[in-house]
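Novice: from the sequence below, what's the structure:
(one chain, ligands or ions: 2)
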Amino acid sequence: MGSTITEKILAAHSGRETVRPGELINAEIDVIMCHDVTTTPAIDLLKAHGNLHVAYPERVVIMPDHFVPNKDIKSAEMVAKIRRWAKEEKIEKFYEIGRHGVCHALLPEQGHVRPGTTIICGDSHTSTHGALGAFATGIGSTDLAAALATGELWFKVPETILFKINGTLQKGVFAKDVILEIIRRIGVDGALYKAMEFTGNVVEEFSVESRMTLCNMAIEAGAKSGIINPDDKTLDYVQSRSNEIFDVYTSDPDAEYSDVIDIDVSDLEPMVALPHLPSNGKPVSQIGNIPIDQAWLGSCTNGRIEDLRKAAAEIKGKKVAQGVRMIVVPATSDIWKQANREGLLDIFMEAGATVSAPTCGACLGGHMGILAAGERCISSTNRNFVGRMGSPESEVYLASPATVAASAIAGKIVNPNAYRQD
Ligand SMILES: CC(C)[C@H](C(=O)O)[C@@H](O)C(=O)O
Ligand code: SF4
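Specialist: Ligands and ions are numbered 1, 2, ... in the order given. Below you'll find the model as predicted:
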């Protein structure tokens, strides 16, 4: 019997020939990403346990992102503490404001994600990095402290569900629509503690960025990780950003899966996940008339350059509807600069949108676009839980960047094809 890519990576990192689902292993960790929210409790734990030090400072990458530029005294203190600790521990990879970004967009962009590696972060959307053929998963601050002190972490080897995504996507339908459809089908616990492995001609045709959108939302189905077998696109992406050597693992044809799910996306329409769960997806043609107060474009799901390009293509030469606030948040400084060079930021601002510095911001109800009671937002983010972007009496609708942008123009949620001329 063969092994999945996930099993191969975990075996290689725990000194084993093979591992099987359900086994408990201790795996070597290649990259430990630290952001502003979950790192300070880990620092406190290390200090409380005999002032433990970081075993491998060169494996740690720090990027404050959730509440930056610091939104209040508390968030400023949090980052100040991390800055001091990084200095003490001689951690050099620290992405300060100005070359910063949302962790899951910044880490691959800056060449820290390589196929065949293990990556952890105290953040649930760490599954994103599986798009490059790595085993990447979110952990809590206690495990983060343990991994920082030892360079290892325990895992229960997950079972894998294989998703075969085939067909031809219609115009206006993107990776976000595909993952919203998958979560609609399997539910928010449909992949509990499992690896979601994505294959099929649609995944092959997707850009690396679109693949990140797929893997990013694996956690919204309860998954331990999302993963895609590396191909030439992956290698090009990685090798243009990093000179480090890595091992490429891929799933064997006779690997064992807990489930195989075939999805033909040829008839898929643009999807919208209605409040208050990412699994509440509906084709946009079936949601009726839903006026909006805000359209939010950004996040680790859909704040990358291809997302901004798709949104700008919808908006170019048009105006954001009266009474709607559109907020664009490029996910990293490099994306911001690239969007500026391409004239995308002008397109957004000419249309009446505002553009912020990179941050998680309102994605998790932090700042930069908080909703009042009774307000409704269409958002390119990944969660629409009660109160996620502000008041518990507000509503968040999840959709692709194209749908977010088209809806901002229409003042209500619409199919991005509604205004297309091409
Ligand atoms: C703050 C952080 C722990 C959290 C997460 O783990 O996902 C956040 O990024 C989110 O999206 O809700
Ligand atoms: S952009 Fe949103 S989902 Fe992503 S890490 Fe930040 S808060 Fe979490």
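
Novice: so the longest helix anywhere in the chain, near ligand 1 or not?
Specialist: The helix that spans the most residues within the chain, counting by DSSP state H, is helix 73-88. No. Helix 73-88 stays clear of ligand 1 (C-beta under 6 Å from any ligand atom), getting no nearer than 11.3 Å. For the C-beta atoms, the positions are set from N, CA and C on the backbone; glycine is no exception.

Novice: and that helix, what does it pack against?
Specialist: Here helix 73-88 touches helix 39-48, going by 3 or more C-beta pairs under 8 Å, 6 or more residues apart in numbering; DSSP states H and E.

Novice: follow-up on the earlier one: following the longest helix of the chain, which helix or strand comes up?
Specialist: Going down the chain from helix 73-88, the next helix or strand is helix 103-109, by DSSP states H and E.

Novice: pLDDT at Y419, what is it?
Specialist: For Y419, the model assigns a pLDDT of 61.

Novice: for M1, same thing?
Specialist: 89.

Novice: equivalent analysis for R376, please.
Specialist: 98.

Novice: check H276 too.
Specialist: pLDDT, H276: 98.

Novice: spit out the contact partners of it.
Specialist: H276 sits next to 384-386, 388, 395-396 when contact means C-beta atoms under 8 Å, 6 or more residues apart in numbering.

Novice: give me the nearest residue to whatever residue of the chain ends up closest to ligand 1, chain neighbours excluded.
Specialist: Here the chain gets closest to ligand 1 at one residue, S124, 3.5 Å apart by C-beta to the nearest ligand atom. With sequence-adjacent residues excluded and distances taken as C-beta to C-beta, 6 or more residues apart in numbering, S124 is closest to G138, at 4.1 Å.

Novice: how much space separates the one you found from F348?
Specialist: To F348, G138 is 31 Å away according to C-beta to C-beta, to the nearest Å.

Novice: which outside residues touch the longest helix of the chain?
Specialist: By C-beta under 8 Å, 6+ apart, helix 73-88 touches 34, 36-37, 39-40, 43, 62, 64, 66-68, 70, 91, 94.

Novice: for R325, phi and psi?
Specialist: The phi/psi pair for R325 (degrees, to the nearest 10) reads phi -100, psi 120.

Novice: next: the one 10 residues further on.
Specialist: Backbone dihedrals for I335, given as degrees, to the nearest 10, come out at phi -70, psi -40.

Novice: ok, now how distant is it from ligand 2?
Specialist: From I335 over to ligand 2 the distance is 13 Å, taken as C-beta to the nearest ligand atom, to the nearest Å.

Novice: how many neighbouring residues does the residue lying closest to that residue once chain neighbours are set aside have?
Specialist: Nearest non-adjacent residue to I335, counting by C-beta to C-beta, 6+ apart: I305, 5.1 Å away. I305 has 21 neighbouring residues, counting by other C-beta atoms under 10 Å.

Novice: tell me which residues touch I305, please.
Specialist: By C-beta under 8 Å, 6+ apart, the neighbours of I305 are 209, 330, 335, 338-339.

Novice: next, format those residues as JSON lines and append secondary structure, pLDDT and neighbour count.
Specialist: Output for the contacts of I305, formatted as JSON lines (DSSP: H, G, I helix; E, B strand; the rest coil; pLDDT from 0 to 100; neighbours: other C-beta atoms under 10 Å):
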{"residue": "E209", "secondary structure": "helix", "pLDDT": "98", "neighbour count": "18"}
{"residue": "P330", "secondary structure": "coil", "pLDDT": "99", "neighbour count": "30"}
{"residue": "I335", "secondary structure": "helix", "pLDDT": "98", "neighbour count": "25"}
{"residue": "Q338", "secondary structure": "helix", "pLDDT": "98", "neighbour count": "17"}
{"residue": "A339", "secondary structure": "helix", "pLDDT": "98", "neighbour count": "24"}
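
Novice: torsion angles phi and psi at the closest residue in space to K171 that isn't next to it in sequence?
Specialist: Nearest non-adjacent residue to K171, counting by C-beta to C-beta, 6+ apart: N417, 5.9 Å away. Note on N417: backbone dihedrals following degrees, to the nearest 10 are phi -80, psi -10.

Novice: correct me, but N417 touches E269?
Specialist: No. In this structure, N417 is not within contact of E269 by C-beta atoms under 8 Å, at 9.3 Å.

Novice: quick one on the thing from earlier: rebuild the contacts of I305 as a markdown table, extending it with distance to ligand 1.
Specialist: A markdown table is the format used below for the contacts of I305 (distance: C-beta to the nearest ligand atom, whole Å):
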| residue | distance to ligand 1 |
| --- | --- |
| E209 | 19 |
| P330 | 17 |
| I335 | 18 |
| Q338 | 24 |
| A339 | 23 |
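
Novice: from the residues you listed, pick the one nearest L364.
Specialist: P330 (17.2 Å; C-beta to C-beta).

Novice: how about the closest one: what's its closest non-neighbour residue?
Specialist: Ranked by C-beta to C-beta, 6+ apart and with sequence neighbours excluded, the top spatial neighbour of P330 is W336, at 4.1 Å.

Novice: are the helix or strand containing E181 and ligand 2 in contact anywhere?
Specialist: Assigning secondary structure by DSSP H and E places E181 in helix 175-186. No. Using C-beta under 6 Å from any ligand atom, helix 175-186 stays clear of ligand 2, with a minimum separation of 13.2 Å.

Novice: ok, then the element right after that helix?
Specialist: Going down the chain from helix 175-186, the next helix or strand is strand 195-199, by DSSP H and E.

Novice: what separates that following strand from the chain centre, distance-wise?
Specialist: Centroid separation for strand 195-199 versus its chain: 15 Å, with C-alpha atoms, centre = their mean, to the nearest Å.

Novice: dump it to PDB, restricted to CA.
Specialist: This file holds the C-alpha atoms of strand 195-199, laid out as PDB (Å, rounded to 0.1, in the frame of the first residue of the first chain):
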ATOM      1  CA  ALA A 195      -6.000  16.300   5.400                       C
ATOM      2  CA  MET A 196      -7.900  17.600   2.400                       C
ATOM      3  CA  GLU A 197      -5.900  16.800  -0.700                       C
ATOM      4  CA  PHE A 198      -7.000  18.600  -3.800                       C
ATOM      5  CA  THR A 199      -6.400  17.200  -7.300                       C
END
